[in-house]
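1. Sequence first, then the predicted structure, then my questions.
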Amino acid sequence: MPDSNRSILQGTLDLLILKTLSWGPRHGYAIARWIEETTDDVMRIEEGSLYPALYRMQKRGWIKSGWGESDIGKRIRIYSLTPAGRAELRAQSAQWDVMVKAMARVLRPA
Amino acid sequence: MRQLLRSGARLFWRRSVDDEVDDELTEHIEMLVRRLELEGLSPEAAREAAARRFGDLTMVRNECRTLAHDVEEQMIRQDFWQQLRQDVAYGTRTLRRAPLYTIIAVLTLAIGIGASASIFSVVHAVLLRALPYRDADRVVAVWNAYRQGGTASHTAIAPAEFADVMDQNRSFDAVAAISRGAANLTGSCGGSASCEPERANGYTVSPSLFTVLGTAPALGRAFTESDGAAGAEPVALLSHSVWRRRFGGDSAVIGRGITVNGRLRTIVGVMPAEVRFPDAPIGFLRDRGDIWMPNAWQNNRGEERGNQYLGFLARMRPGTSMTEVRTDLETISTRFRAAFPDRYDPSTVSWALDAIPLREQMVGDVRRPLLIVMGAVVLLMLIACANVAHLSLARGAARRQEFAVRTALGAGRMRLVRQLLTESLMLGAMSGVLGIAIAVGSTRVLVRLDPGMIPQLDATRVNGIVLVFALLATLFCALLVGVVPALRQSMVSVHDAIRAGRGAAAQPRRRVRSVLVVAEVAMALVILVGAGLLTRSFLALQKVDQGFSTGPALTFAVTLPRARYDSAARMIAFHDRLQSELASIPGVEAVSAIDPLPLGGTSWSGTFHVEGQPTARGAEAPHGEYNVALPGFIDALQLRLVTGRDFEVTDGPGAPAVAIVDESLAAQYWPGEDPLGKRISSNGDSGPWVTVIGVVRHVHRSGPKNAGEPQIYFAYRQRVQTPLSYVLRTTVDPLSIVGAVRSQVASLDRDLPVARVASMATLESAALARDRFNALIFLVFAGTALLLAAIGLYGVMAYLVAQRQAELGLRLALGGGPGDVARLVIGDGMRMALLGIVLGTVASLALGRALDQLLYGTKPTDPVTYAVIAATLALVALLASAIPALRAMKADPVDALRA
């Protein structure tokens, strides 16, 4: 992954995770796969960086974790959205829209 | 809290939290590897690709571990608060479901907490709070101590003695002498401020006094050494209150003049509001000061060592101990004895200079009563706690099934204990709030009851420290009340509890209750005995024949300023006119004047000699209480004349010197003889002699408690002095003529203040105020204790009866009469009560000695008091068990058996 993409990704990673979890609880690996698939690998991330983000979001109370089973039946941590996380998702999406429109206006003439 | 949680979490959770993070990350990589292998990569290539896609594992792991710990802590905290919220919500429901239990428990605890916080306020104000002097802990009062038998009387110091100690001591870095005197304030005031002539408490002090105490004026300057020198400009320091009263708090007062006893003085400073030296009595220096004037007492020394009238304070050098001070004073005393063998003759009473720490001097008198009251408070609080513990036990029994069910449903034992503790703390919090309200109210009442003799009581308020005390008391109560039942509940076995259902009485539970009841009765008895003894002592004091009438009479004092009344003739002329003017006021039956006024709080005594009975060398000269009086004083004060006559107007300056003595003096020195015509002298063995013309009954001059010494009355007209107290016996309300009295005095001398206006009844009541205060506080405690003990006893008896319903029903069914059942129940109750009474009596007998000092005409072992109290408690116990017994008698055997 080129370095130039990295900073944008860092800022949007939280939003991506929130969006992913809005479809239902899942574990870290599944989140990575979902992001990979739905963004057609454009936003390919270093998967390890997912975890600090997950823990940080837990600390902020946006998501919470419980226990579930992986596809081969191992005990694994499952993340899900909290009401606060859902509100955060709404707020961040709206912000994102505003920014995208603004960027588009700035860049179009060129 | 945070730190604690963090380190706790570190100890217990670190490994598992770290492991979980590791597991999670490893699992992610494993899943990635499996997927890549499925896509066709070789195991090695898959692992390598997975590692690349995952990124820096070590960095991620470290970051995650740190974050995971934070998250874990957060969760522990959240769990704690959530459980607490649950407990509180549950507790609220529980308490609301049992309102009677809640109300009684809260009230009981609140009374205990309120009483203790309020008494603690007083104890704090009087005993614990610092005196308002910076160097208070280094200041001692120095006295002439005369030891006789086991007791020492501390008397004032002569100027010569002060000067010598000042020169010779090695342990003080500053010393000050103080003499008190009335200060008539007249003239110049600021603006609209009150400008009436006023008698204030004045003190003539060494310029160093405020250096000794370590206090500085709030305004202006303190005295300097030169202020005290002879011929220096006369100056004065004002108290904050005089400054406010007479100068309206005007800060431009410095440098202005104030007329004190007819002499104009320049005001150099104003002391802070909290300093009105002496702020508590220091021996004979009793009243809080209004104005201070400087005098270098060491320059007034003279060699007259018998004229002892100074208070003496000294500041110890830093690091000096009391032992060193006493040794130092003993060295000086030895020198005195050698230099003046006549004066300090070792063969009579043992004399020495003695030092007492200022704090002990100021609060010494009240320490013991306050500590005793504090002890009573602690007992009361324990009774309150015991009561609530009963209630909680009874409630706990009723809730056994609930707890058993909750245990069965998976609640941990700790969780249940925590639930109970939360409930207790909630009770404690409610009681605390109510208790503090009670404390605030009752502290106000206590301060209002102030006999005016408890130092610094007026400064009592419920402050921060007292609130902390109340809080601690609450916590203590709550925990005591909560822990016992909680521990017991946690011992309940699920199986037993569910199977037993209601009605089963566990034996150990009953024993705990019995112990509580016995202890409660015993503690109540201790408080009741204290109250009983103090009340009996108070009643005994009221019955004392004080030798004069305390019927309707008005008293007031005047002090003629020497500057304007510079001769005996002028003073006599003034009093002659005033006496006749006052007699013309309607409603006045008799007018005369005397000094010191009985119950007026001042005293005057000295040695005298009896003609024909010379004092042997080395023996002690006769000692008695002196008075001067105007003609008619026997009638005005309603003294009882035993023989002879009252003073007449003719007993004046030119006439033969006359005196009236009391019965005890006559009986002691002229037993079996006619005292009339006998002669005494206050000056020495060789006269001049004064002839006894009358004998009166002995007067309790300083209150009923103190019989005092033999008494001598001199005729004022033959022995003038500046202060004199008038007594107007009236047929109307004494206070109704105050206005007329003031205007009569003003018509004779516009600048003469009328001081200490009071009815004789007020003086009498004030003389007993301390004793009334003590008895009243104890009575309130005793009433509360009795009530609480009765509630406790009743609660337990009712509970026991309910527990034994089945057994009692069986007895009834098998033909036992209702009387048998009642006897059984009452017998149970009385056994506990009697044991409590016996134990309480033993404890009271042991503790009673502490009260000895406060009692008058009553022994601490007074059998009547003990008998009455024991009977009262037994009666209360009987009533408390009779009510449940009656209920038991009426029980339907069938119901009881079925239950």
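-> Ah, there it is. Numbers count the residues shown, from 1 in each chain, chains lettered A, B, ... in the order given.

2. and B:Ala174, that's in a strand?
-> Yes. Per DSSP: H, G, I helix; E, B strand; the rest coil, B:Ala174 lies within a strand segment.

3. so what's it up against?
-> Going by C-beta atoms under 8 Å, 6 or more residues apart in numbering or on different chains, B:Ala174 touches B:208, B:211-212, B:314-315. Any C-beta I mention is one placed from the backbone N, CA and C, and that applies to glycine too.

4. what's the answer for B:Pro734, then?
-> By C-beta under 8 Å, 6+ apart, B:Pro734 lies in contact with B:552-554, B:728, B:759-761.

5. Kindly recompute the last result at 6 Å.
-> Going by C-beta atoms under 6 Å, 6 or more residues apart in numbering or on different chains, B:Pro734 touches B:552-554, B:759.

6. burial measure for the closest residue to it other than its chain neighbours, as a count.
-> Excluding the flanking residues, the one nearest B:Pro734 by C-beta to C-beta, 6 or more residues apart in numbering or on different chains is B:Leu554, at 3.8 Å. Other residues within reach of B:Leu554, judged by other C-beta atoms under 10 Å in any protein chain shown, total 28.

7. Roughly how far does B:Leu554 sit from B:Val699?
-> Separation of B:Leu554 from B:Val699 (C-beta to C-beta, to the nearest Å) stands at 19 Å.

8. likewise B:Pro863?
-> Distance from B:Pro863 to B:Val699, by C-beta to C-beta: 33 Å.

9. Looking at those two, which one has more neighbours?
-> B:Val699 (23 against 8).

10. Can you report phi and psi for that one?
-> In terms of degrees, to the nearest 10, the main-chain angles of B:Val699 are phi -110, psi 130.

11. Now do the same for the spatially most central residue of chain A: helix, strand or coil?
-> Central residue of chain A (C-alpha atoms, centre = their mean): A:Ile17, 1.9 Å from the mean position. Following three-state DSSP, A:Ile17 is assigned to helix.

12. Show the contacting residues for it.
-> Listed by C-beta under 6 Å, 6+ apart, the contact set of A:Ile17 is empty.

13. next one: B:Asp173
-> Shown in contact with B:Asp173 (C-beta under 6 Å, 6+ apart): B:315, B:317.

14. how far away is it from B:Pro318?
-> Distance from B:Asp173 to B:Pro318, by C-beta to C-beta: 8 Å.

15. Where does pLDDT dip in chain A?
-> Counting by pLDDT under 70, chain A has low-confidence residues at A:1-11, A:41-44, A:109-110.

16. Please name the nearest non-neighbouring residue to residue 74.
-> All of this refers to chain A. Spatial nearest neighbour of A:Lys74, chain neighbours left out: B:Glu27 (6.3 Å); criterion: C-beta to C-beta, 6+ apart.

17. other chain: chain B
-> Nearest non-adjacent residue to B:Gln74, counting by C-beta to C-beta, 6+ apart: A:Lys59, 6.5 Å away.

18. To which secondary structure element type does that neighbour belong?
-> Secondary structure, three-state DSSP: A:Lys59 is helix.

19. residues from chain B in reach of chain A?
-> Counting by C-beta under 6 Å from any C-beta of the partner chain, chain B comes close to chain A at B:24, B:27-28, B:31, B:53-55, B:60, B:63-64, B:67-68, B:70-71.
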